[in-house]
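**Q** Fold the following, please.
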Amino acid sequence: MRYALIAACLATTGCMATDPDVASRDAGRTLFAEDCAACHGPEAKGNGPLAAELETQPADLTKIASRRNGVWPMLEIMSIVDGYSKRTNPRDDMPIIVGLTEGPMIDFDSGNGITQQVPARLVAVVEYLESIQSPRPTSYVP
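**A** Numbers count the residues shown, from 1 in each chain. Below is the predicted model of the structure:
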């Protein structure tokens, strides 16, 4: 059953808009609704329609910074959202969302002043998640 749910989640990631403003928070909200809300819920509180069927309950994504003493860890969240961080994120139910790592690339500064190209969709989703933190982050780390 779990693998069927993951497959259902992955099936929704095939088509993404190639909007020039793809890294905006509005684009992130749309991508979240398409790729994440089935498990995490439309308000990102971990109560999506598929949540009850998962072995590991989805996290309340509005409390990420709160769980980290007010810190918003941008790179850590990017790593979790892209789904490839299985050795540090051992949740079988968290799918690899290929659509978030494909498509347009944008310049991203990880905090050291050096920019590199990263997927715009991934940045958009993570910036959207930052925008819905409750309470707001009080500090930031790359």
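**Q** lowest confidence element among the helices and strands of the chain?
**A** Every helix and strand of the chain was ranked by mean pLDDT, DSSP states H and E. The lowest is helix 2-11, at a mean of 34.
**Q** which element follows that helix toward the C-terminus?
**A** helix 25-35 (DSSP states H and E).
**Q** Could you list every helix and strand in contact with the next helix or strand after that next one?
**A** Note on helix 25-35: by DSSP H and E, the next helix or strand toward the C-terminus is helix 37-40. With contacts taken as 3 or more C-beta pairs under 8 Å, 6 or more residues apart in numbering; DSSP states H and E, helix 37-40 sits against helix 2-11. Yep, even glycine has a C-beta here, placed from its N, CA and C like the rest.
**Q** make it 10 Å
**A** helix 2-11, helix 25-35 (3 or more C-beta pairs under 10 Å, 6 or more residues apart in numbering; DSSP states H and E).
**Q** which residues sit against that helix?
**A** Here helix 37-40 makes contact (C-beta atoms under 10 Å, 6 or more residues apart in numbering) with 5-6, 8-9, 12, 29, 31-32, 43-44, 46-51, 53-54, 56-62, 93-95, 129.
**Q** Give the helix, strand or coil label for the spatially most central residue of the chain.
**A** Per C-alpha atoms, centre = their mean, the C-alpha nearest to the average position across the chain is that of residue 81, at 3.7 Å. Look at residue 81: counting by DSSP: H, G, I helix; E, B strand; the rest coil, its state is helix.
**Q** Separate out the buried members of the contacts of helix 37-40.
**A** Taking 16 or more other C-beta atoms under 10 Å as the criterion, what is buried in these is 5-6, 9, 12, 29, 31-32, 44, 46, 48, 50-51, 54, 58-62, 93-95, 129.
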